[in-house]
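# no sequence on this one, just coordinates:
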């Protein structure tokens, strides 16, 4: 297999890192979609999936008939899909930051699973098929946090500070996952506690990769 040239490796890093930085736009999509609700969207109790509920355009008749009305559902559902695409693009472009071997393969597998799961949540809104939506959405909760564990271990020797930051994000995400299972906890909060740390982490990883590219030009880089 031909070894990529330094220029090719830098291009891959730029593309992958930019993809992960662009995931920050997900937060904007969520805010815009929530603000368009005719009834107040409650972050504490409403799930992220509620934002993607289709079938209500905001007309008075539909608002009166619908329990949940998200007129800009296309915005958040598109954001789910694009987030999945960007996670995958970043994982491929930045893969050489991880040492070759089992940890890299495990991290890429988990990131791909998280990406596909995130994208499918936008393809199958919860009101269209609740069971299928939950089935395709569940893997991203586990995969994104598991990926951070693997990446933290893989990066510890070379980039210890960023590895510790990765581990911290993972810890918060795992706490959020555990909190989801506790009765009486506000689902909107615990769900975001489980999901948001990874979203924040990929953005910071993208920024860090854009700032730490010189090592990729070295022929000694594995």
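In hand now; what should we look at? Only a predicted model underlies this, so the values are computations on that prediction, with no experimental measurement involved.
# hey, let's count contacts and neighbours off CA atoms from now on
Noted.
# for stretch 93-107, which positions count as buried?
By 16 or more other C-alpha atoms under 10 Å, the buried positions in stretch 93-107 come out as 93-99, 103-104, 107.
# Would you mind listing where the chain has pLDDT under the threshold?
Flagging of the chain using pLDDT under 70 yields the residue ranges 1-6, 58-66, 213-222.
# that older thread, format the buried residues of stretch 93-107 as a markdown table; extra columns: distance to residue 179.
A markdown table is the format used below for those (distance: C-alpha to C-alpha, whole Å):
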| residue | distance to residue 179 |
| --- | --- |
| 93 | 33 |
| 94 | 31 |
| 95 | 31 |
| 96 | 34 |
| 97 | 32 |
| 98 | 31 |
| 99 | 33 |
| 103 | 28 |
| 104 | 29 |
| 107 | 25 |
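# Now compare those residues and name the two farthest from each other.
Greatest spacing in the buried residues of stretch 93-107, by C-alpha to C-alpha: 93 and 103 (16.3 Å).
# quick one, what contacts residue 147?
Residues in contact with residue 147 (C-alpha atoms under 8 Å, 6 or more residues apart in numbering) are 106-108, 110-111.
# hang on, I meant residue 132
124, 126.
# How far does the helix or strand hosting it sit from its chain's centre?
Secondary structure assigned from DSSP states H and E places residue 132 in helix 130-155. Remark: helix 130-155 is offset 9 Å from the chain centroid, using C-alpha atoms, centre = their mean, to the nearest Å.
# what comes up buried for that helix?
Buried, per 16+ other C-alpha under 10 Å, within helix 130-155: 133, 136-137, 139-155.
# what does stretch 110-127 give?
Taking 16+ other C-alpha under 10 Å as the neighbour-count basis, stretch 110-127 is seen to contain the buried residues 110-126.
# Please report how far residue 53 lies from residue 11.
38 Å (C-alpha to C-alpha, to the nearest Å).
# likewise residue 199?
Distance from residue 199 to residue 11, by C-alpha to C-alpha: 23 Å.
# Over to residue 196?
28 Å.
# neighbour count winner among those two?
Neighbours were counted for residue 196 and for residue 11 using other C-alpha atoms under 10 Å; residue 196 has more, 16 against 13.
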